[in-house]
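1. Coordinates for the following, if possible.
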Amino acid sequence: MGPNALAFLSAGFGAGLAVIGAGLGIGKLAAAAMEGSARQPTAAGDIRTSMIIAAALIEGATLFAIVVTLLLALKP
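-> Numbering: from 1, shown residues only. Okay, the predicted model is just below:
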């Protein structure tokens, strides 16, 4: 197994971990937002807005992690 194979394997693991982490984070975020909306329906709009902003930040960090793993795998 050469150095390129290890780079591809590491990039696959890194991208997989980033996606799993983002999925878990957004899942916990949505669960907390749903619980908050159920407890206080009058604040549902504010909770939804905060949830969407936080989900966008999580997805942005995940995209950055995937780009970094791809750059590390494809470097000469």
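2. hmm, who's touching stretch 65-75?
-> Contacts of stretch 65-75 from elsewhere in the structure, counted by Cβ atoms under 8 Å, 6 or more residues apart in numbering, are Ala7, Phe8, Ser10, Ala11, Gly14, Ala15, Ala18, Val19. Backbone N, C-alpha and C define where each C-beta goes, glycine included.
3. Write the ChimeraX selection for whichever of those residues are buried.
-> In ChimeraX, the members of the contacts of stretch 65-75 classed as buried (16 or more other Cβ atoms under 10 Å) are selected with the following command:
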select :11,14,15,18
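4. What ranges does this protein have for its strands?
-> Using DSSP state E, the strands of the chain do not appear at all; there are none.
5. What are the boundaries of the helices in it?
-> In the chain, the segments counted as helices under DSSP state H are 3-39, 44-74.
6. Tabulate those in CSV, adding columns for mean pLDDT.
-> Output for the helices of the chain, formatted as CSV (pLDDT from 0 to 100):
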stretch, mean pLDDT
helix 3-39, 91
helix 44-74, 93
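7. roughly how far apart are the residue nearest the centre of the chain and Ala15?
-> For the chain, the residue sitting closest to the mean C-alpha position, by Cα atoms, centre = their mean, is Ala22 at 2.4 Å. Distance check for Ala22 against Ala15: by Cβ to Cβ, to the nearest Å, it reads 11 Å.
8. repeat for Gly23
-> For Gly23, the distance to Ala15 equals 13 Å [Cβ to Cβ].
9. Next: Ala61.
-> The span separating Ala61 from Ala15 equals 13 Å under the rule Cβ to Cβ.
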